[in-house]
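Asks: build me a model:
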Amino acid sequence: MRPALLLLVLAPLSPAVAQDAAGPLPVIELVSNDSGTRLRVDGRDMMIQGVNWDYFPRGTTYNYNFWTEPDHIIEAAL
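Replies: Next comes the predicted model:
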């Protein structure tokens, strides 16, 4: 069989095969209650790990307090 004809015959089948190979999608939800909010994937709580970088040297701190500022100031700073 010619390569072009083979490609023409097999190409429409590719998305169906790829979708079946991926399996079912996980159930992802945010659960909120009195203890806080959690990310749950397929019924299991997941930990989200991240990194926060700041330019303040170790042992020093900042002298501003965003908690007391109005929302438009906080949004402008971010």
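
Asks: any idea how far the residue most central in space within the chain lies from Pro12?
Replies: Centroid-nearest residue in the chain: Ile48, 9.2 Å away (criterion: Cα atoms, centre = their mean). Ile48 sits 39 Å away from Pro12, going by Cβ to Cβ, to the nearest Å. (Each C-beta comes from the backbone N, C-alpha and C, glycine too.)

Asks: what's the answer for Arg38, then?
Replies: 42 Å.

Asks: list the beta-bridge partners for Leu30.
Replies: Leu39 (DSSP bridges).

Asks: return the residues in contact with it.
Replies: 37-40 (Cβ atoms under 8 Å, 6 or more residues apart in numbering).

Asks: same check, this time on Arg40
Replies: 28-31, 46.

Asks: of these, closest to Asn63?
Replies: The shortest approach to Asn63 among the contacts of Arg40 belongs to Leu30, at 34.4 Å (Cβ to Cβ).

Asks: rewinding a little: quick one: buried ones out of the contacts of Arg40?
Replies: Taking 16 or more other Cβ atoms under 10 Å as the criterion, nothing in the contacts of Arg40 is buried.

Asks: what's the closest of those to His72?
Replies: Using Cβ to Cβ, Leu30 comes nearest to His72 of these, at 26.6 Å.

Asks: just to revisit the earlier point, can you classify the residue nearest to the centre of the chain by secondary structure?
Replies: coil (DSSP: H, G, I helix; E, B strand; the rest coil).

Asks: what's the burial count for the nearest residue in space to it that is not next to it in sequence?
Replies: Sequence neighbours aside, Leu39 is the residue nearest to Ile48 in space, at 6.2 Å (criterion: Cβ to Cβ, 6 or more residues apart in numbering). Neighbour count for Leu39, taken as other Cβ atoms under 10 Å: 13.

Asks: cool, thanks, talk later.
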